[in-house]
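# Predicted structure and sequence below. I'll ask about it afterward.
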Amino acid sequence: MKQPIICQHHEARGLKPLMVYAGEGPLGTRRHVCAVCCRMREVGTGIISDLKGSYGFIRNAKRDFFFHYKELGTSCYPQVGMAVRFELLFFDGGVQAIDIRPMGS
């Protein structure tokens, strides 16, 4: 069973609305939309393809995504070839993988 995606923008009010699947994004990720506030999240899966210093890259079917080690879950010890689940953060300079967790956790 797939883990439900929760909109995190409502935590201060104690709400945990589920996000609705809205199709595949152009970067090979799954788009989800909050039914309450219409915010969008993109969640993907991939393989850690490269590790350097305090950062690395995750490869999915469409491209490689940069990540910083601070975005790894506390129980995640990255290794090249490890299957992971991640969320995308979009900003002026591009896109980055965040909230990285090993598959199955």
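Good, I have the coordinates.
# What residues are recorded as beta-bridge partners of the spatially most central residue of the chain?
For the chain, the residue nearest the mean C-alpha position is residue 87 (1.4 Å; Cα atoms, centre = their mean). Residue 87 has these beta-bridge partners by DSSP bridges: residue 43, residue 98.
# List the contacts of it.
41, 42, 43, 44, 97, 98, 99 (Cβ atoms under 8 Å, 6 or more residues apart in numbering). C-betas here are computed from N, CA, C, even on glycine.
# and what of residue 55?
66, 67, 68, 69.
# Report the separation between the residue located most distally from the centre of the chain and residue 37.
Within the chain, the residue lying farthest from the chain centre (Cα atoms, centre = their mean) is residue 13, at 23.6 Å. Relative to residue 37, residue 13 is positioned 11 Å away (Cβ to Cβ, to the nearest Å).
# which other residues reach the helix or strand hosting residue 101?
For residue 101, the host element (DSSP states H and E) is strand 94-102. Outside of strand 94-102, the residues within contact range by Cβ under 8 Å, 6+ apart are 27, 44, 58, 65-68, 71-73, 75-76, 78, 82-89.
# Buried subset of the residues you listed, written for ChimeraX?
The buried residues among the contacts of strand 94-102 can be selected in ChimeraX (16 or more other Cβ atoms under 10 Å) with this line:
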select :27,44,58,65,67,71,72,76,78,82,84,85,86,87,88,89
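# Okay, domains of this protein per the record?
8-42, 44-102 (automatic domain parsing).
# So for the shortest one, what gets flagged as buried?
Of all the residues in domain 8-42, those buried under the rule 16+ other Cβ under 10 Å are 19, 25, 27, 28, 29, 30, 31, 32, 33, 34, 41, 42.
# is it possible to export the residues you listed to TSV including pLDDT and secondary structure?
TSV is the format used below for the buried residues of domain 8-42 (pLDDT from 0 to 100; DSSP: H, G, I helix; E, B strand; the rest coil):
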residue	pLDDT	secondary structure
19	91	strand
25	89	coil
27	89	coil
28	90	coil
29	91	coil
30	91	strand
31	92	strand
32	92	strand
33	93	strand
34	91	strand
41	88	strand
42	90	strand
